[in-house]
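no sequence for this one, just the structure:
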């Protein structure tokens, strides 16, 4: 059964009317005697449900991308979405996953997702701009939008580490992302993942930081999936993440403080 087929019937109906019949939110609202906001909310909730690891993209950005993918954005809004996607790796990843989920209904009718905007940044700065988490990108945008004169980029604060999580076992459909948050000097690791076998009373998922393999890993915390095999959690960090190069997510028997990793199911390089 596809992810689309698992959506509530009212959400499936809205997507079908938009993608197969070319209806607008307003047209659907009039036909079904609903208000436009209700139709828009159904469409946005449906598309968000098709995407794993979505919380690294701000809610308002997910809404804007949804309207753009479904052909419901006005020209200015469409321009803003394309500009955001050119500057945001996590935004592009979210949009691609949404497009894949909508594929069975949309065929080739979805807009092309922009590639990274190429600028004259030096290599190291360019990599940081591509890999920066969505929260950092928003912070930069706010600073640039203020009335202060432009400043040299050499004084910027290093971005907190983040990682894309990829499966380590053949045939696995699991994936996800992590991001280190720093709030007033207190660091925590946000982990968002999906496509995992569900946790049980005796088995859960543990998160580790490492500079090599499993033998050198440092335990961070234990997280459990929801009923759909998704993890969306935060665990405090008692160690400095800058001293590590990778994140491991393992599945193993529940223990108060495990001494070593179990079976590694996801791995990502911190950058």
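Arrived safely. The structure presented is a predicted model; accordingly, all values stated were derived computationally and were not measured.

pretty sure residue 110 is touching residue 66, no?
No: the criterion here is C-beta atoms under 8 Å, and residue 110 misses it with residue 66 at 11.3 Å. From N, CA and C alone the C-beta is placed, and that goes for glycine too.

and those two? Which one has more around it.
residue 66 (25 against 19; other C-beta atoms under 10 Å).

buried sites along stretch 110-117?
110, 113, 114 (16 or more other C-beta atoms under 10 Å).

sorry, wrong one. I was asking about stretch 219-234.
Buried residues in stretch 219-234 (16+ other C-beta under 10 Å): 219, 220, 221, 222, 223, 225, 229, 230, 231, 232, 233.

residues contacting the last one?
Residue 233 makes contact with 190, 191, 221, 223, 224 under the criterion C-beta atoms under 8 Å, 6 or more residues apart in numbering.

please redo it, this time with the cut-off set to 10 Å
188-193, 205, 207, 221-225 (C-beta atoms under 10 Å, 6 or more residues apart in numbering).

over to the first one?
Contact criterion C-beta under 10 Å, 6+ apart gives 206-209, 235, 238-239, 250, 255, 257-261 as the residues in contact with residue 219.

just give me the closest of those to residue 97.
residue 207 (22.1 Å; C-beta to C-beta).

neighbours around that closest one, how many?
The burial count for residue 207: 24, using other C-beta under 10 Å.

next: residue 31.
For residue 31, using other C-beta under 10 Å, the count is 11.

roughly how far does it sit from residue 72?
As judged by C-beta to C-beta, to the nearest Å, residue 31 and residue 72 stand 15 Å apart.

closest to residue 45 among the buried residues of stretch 110-117?
residue 110 (18.4 Å).

all helices of the stretch 51-200 of the chain, in order?
Along the stretch 51-200 of the chain, counting by DSSP state H, counting those that start in this stretch, helices occupy 59-69, 75-87, 89-106, 123-131, 134-145.

which ones are touching the residue lying closest to residue 193 once chain neighbours are set aside?
Using C-beta to C-beta, 6 or more residues apart in numbering and skipping residues adjacent in sequence, the residue nearest residue 193 is residue 176, 2.8 Å away. Counting by C-beta under 10 Å, 6+ apart, residue 176 touches 52-53, 56, 163-167, 191-196, 230-232, 247, 249, 265-266, 268.

restricted to strands, list those.
163-167, 191-194, 231-232, 247, 249, 265-266, 268 (DSSP state E).

what subset of those is buried?
Buried, going by 16+ other C-beta under 10 Å: 163-165, 167, 191-194, 231-232, 247, 249, 265-266, 268, out of the ones in strands among the contacts of residue 176.

out of these, what pair is the most spread apart?
167 and 232 (17.9 Å).

doesn't residue 207 belong to a strand?
Yes: remark: residue 207 belongs to a strand, assigned using DSSP: H, G, I helix; E, B strand; the rest coil.

so what's it up against?
Counting by C-beta under 10 Å, 6+ apart, the residues that residue 207 touches are 178, 189, 191, 193, 217, 219-223, 231, 233, 235, 237, 247-250, 261, 266.

check residue 114 too.
81, 82, 83, 84, 85, 86, 87, 91, 92, 95.

how far away is the fifth one from residue 102?
Right, the one you point to is residue 85. Distance from residue 85 to residue 102, by C-beta to C-beta: 16 Å.
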